[in-house]
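Chemist: show me how the following folds:
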Amino acid sequence: MAETYVIALDQGTTSSRAVLIDRGGAMVDCVQRTYQQIYPQPGWVEHNPQEILYSQLGCLTELVSKHRLSRDNVAAIGIDNQRETTIVWDPTTGEPIHNAIVWQCRRTAGLVDELCGTPEVRSMVQAKTGLLPDAYFSASKISWLLDNVEGARERAEAGELLFGTVDTWLVWVLTGGLVHATDATNASRTMLFDIHRGVWDDDLLALFDVPRSMMPEVRPSASFFGETSYPGVPAGIPICGVVGDQQSALFGQCCLSAGQAKNTYGTGCFLLMHTGAEAPTSSHNLVTTIVASPPGCDHTEYALEGSVFVAGALIQWLRDEMHLIRSAEETEFLAQSVDDTGGVHIVPAFTGLGAPYWNADARGLICGLTRGTTPAHIARAALEALAFQTYDLVRAMEADAGVSLDTLNVDGGASRNGFLMQFQADVLRATVHRPQNIETTSLGAAYLAGLTSGFWSGTDELAAMRESDDVFEPQMDAKAAERAVAGWADAVRRAM
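Modeler: Below you'll find the model as predicted:
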């Protein structure tokens, strides 16, 4: 028999990728293309939806051509995507009415404060959606587009416009405009979806003045979303998995049971702890979100999520703006070349602090400098800051979920840094597991598509395929770890 594959379309904030996965779960090939970031005003972030589309489908068609792929040797396509980013388009012409408003965009912060300004409304939003009212999510972005693009509100109310996060936009185009659908993980990030009843909520749609006719159908992550029907792509390949990127990474790590957690070290950090069928309401400024479940799961499953705004971006800043390092990889050698940070702490609150603080007014801080401070001390302090921010999230999650975390699964680019992973284990006093394949986001989308299509038999097969992890156990003295955490906490207080 000829080799068969699953394709993952990994649509991220700065690039799009098409990844070919074989039956053993190995990444055979990956095609990646970056696209333009648009900053019309300070705090505003946009993408051109057509450029997202062309970058993603360009990756797919190149992969198809390189490996001579067809409906005969591709079992299914899975899609994971940057979440919350908002696109509104005309289904008749297929044209977006405006650039996509990206999840990072803060233009609607004032609108959210105005609409959710009372404790009663904020409590209602959190109770229904699991989210803290914020411009981060899609609801206010849709409202802004309808109110600021000429004629958009009238067209939307007449049923002439569609809304979607990036997954919905890709599915709609790939199926030739036949399918307008999203999955529950992406729906749960819009701030318009009741995560307990599994429906678009009338109260929330009214609050943000969004017509119901714009909203996509919501399906389970592991389900059939239609077949490909787009020039240059083999026709008839089933799209059998759709999932938001962070939930995809959780699934790719095989964190399928309550108490299991993963942390993705990317531009920011995203920590998710699976809570099973329970949807706890956070009292520590975390959010509750829906996770992807395997086919056949008859109930909704949830996770607590905490977001750190600046993680890998801090290392990029040291390299590109401060010119203290030549490459991200160099930080590991520098950090290990000194015994400690020499009392230096860095709080990377470049755009405020995310969970568990949610302090938009906090600003970045380097403290503890002396005449003896070197680039090595600063590089080590930067890596430690990533671990400390994750420490704060883990402790908040443990308090909300009522469980102690003994193992943290890690992925993302910065997880390659052995010093960072060891320091993370030290301050958490927990075991850190790093898979051989740290690209678990695309792997999660592939797993969902492969399970739904029958390419893989079940989650036991996925768990058995997982390559042996690198394991980091705590080595630092417990009292030394406590002192380190206390120094971080003092620096955070100064930043706020």
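
Chemist: secondary structure element holding the closest residue to Ile101 other than its chain neighbours?
Modeler: Nearest residue to Ile101 in three dimensions, chain neighbours excluded: Lys141, at 4.2 Å (CB to CB, 6 or more residues apart in numbering). From N, CA and C alone the C-beta is placed, and that goes for glycine too. According to DSSP states H and E, Lys141 maps onto helix 138-148.

Chemist: check what pLDDT the residue nearest to Ile101 gets.
Modeler: The score at Lys141 is 97. That number is its pLDDT.

Chemist: got it, and Ser468?
Modeler: 64.

Chemist: check the one 10 residues further on too.
Modeler: The pLDDT attached to Ala478 in the predicted structure is 91.

Chemist: the one 10 residues further on too?
Modeler: Model confidence at Trp488, expressed as pLDDT, equals 96.

Chemist: so it sits against Phe388, correct?
Modeler: Yes: here Trp488 reaches Phe388: they are 4.1 Å apart, a contact under CB atoms under 8 Å.

Chemist: list the buried ones in the next helix or strand after the helix holding Lys141?
Modeler: Sequence-wise, the next helix or strand downstream of helix 138-148 (DSSP H and E) is helix 152-157. Counting neighbours by 16 or more other CB atoms under 10 Å, one finds that the buried residues in helix 152-157 are Ala152, Arg153, Arg155, Ala156.

Chemist: what of stretch 88-102?
Modeler: In stretch 88-102, counting by 16+ other CB under 10 Å, buried: Val88, Trp89, Pro96, Ile97, His98, Asn99, Ala100, Ile101, Val102.

Chemist: shouldn't the first one be within a strand?
Modeler: So that's Val88. Yes: under DSSP: H, G, I helix; E, B strand; the rest coil, Val88 falls within a strand.

Chemist: bridged to it, which residues?
Modeler: With DSSP bridges as the criterion, Val88 is bridged to Phe163.

Chemist: wait, what's in contact with it?
Modeler: Taking CB atoms under 8 Å, 6 or more residues apart in numbering, we find Val88 in contact with 96-98, 142, 145-146, 149, 152, 156, 161-163, 214.

Chemist: dump the helix or strand of the chain with the lowest mean pLDDT to PDB, keeping only the CA atoms.
Modeler: Between all helices and strands in the chain, the lowest mean by mean pLDDT, DSSP states H and E belongs to helix 459-465, at a mean of 85. In PDB, the C-alpha atoms belonging to helix 459-465 read as follows (Å, rounded to 0.1, in the frame of the first residue of the first chain):
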ATOM      1  CA  THR A 459      -6.300   8.100  21.700                       C
ATOM      2  CA  ASP A 460      -4.400   5.000  23.000                       C
ATOM      3  CA  GLU A 461      -2.700   4.800  19.600                       C
ATOM      4  CA  LEU A 462      -1.700   8.500  19.800                       C
ATOM      5  CA  ALA A 463      -0.300   8.100  23.300                       C
ATOM      6  CA  ALA A 464       1.700   5.100  22.300                       C
ATOM      7  CA  MET A 465       3.200   7.000  19.300                       C
END
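
Chemist: ok, which stretches of the stretch 51-200 of the chain are strands?
Modeler: Using DSSP state E, counting those that start in this stretch, the strands of the stretch 51-200 of the chain run over 74-81, 87-90, 95-96, 100-101, 162-164, 181-183, 193-194, 199-200.

Chemist: mind checking those strands for the one nearest to Thr370?
Modeler: Proximity to Thr370 (CB to CB) singles out strand 100-101 among the strands of the stretch 51-200 of the chain, at 44.4 Å.

Chemist: what's the mean pLDDT across the closest one?
Modeler: 96.

Chemist: which helices and strands sit right next to it?
Modeler: The contact analysis (3 or more CB pairs under 8 Å, 6 or more residues apart in numbering; DSSP states H and E) places strand 100-101 against strand 46-47, helix 138-148.

Chemist: just for this structure, where's the confidence low?
Modeler: 1-2, 467-468 (pLDDT under 70).

Chemist: now do the lengthiest helix in it: distance to the chain's middle.
Modeler: Scanning the chain for the helix with the most residues, using DSSP state H, yields helix 375-401. Averaging C-alpha positions (CA atoms, centre = their mean, to the nearest Å) puts helix 375-401 18 Å from its chain's average.

Chemist: quick one: buried residues of that helix?
Modeler: 375-394, 396-398, 400-401.

Chemist: tell me what that helix is packed against?
Modeler: Contact analysis of helix 375-401 by 3+ CB pairs under 8 Å, 6+ apart lists strand 261-265, strand 269-276, strand 302-308, helix 312-320, helix 330-336, strand 345-347, helix 418-428, helix 478-495 as its packing neighbours.

Chemist: go again using 7 Å as the cut-off
Modeler: Applying 3 or more CB pairs under 7 Å, 6 or more residues apart in numbering; DSSP states H and E, one finds that helix 375-401 contacts strand 269-276, strand 302-308, helix 312-320, helix 330-336, strand 345-347, helix 418-428.
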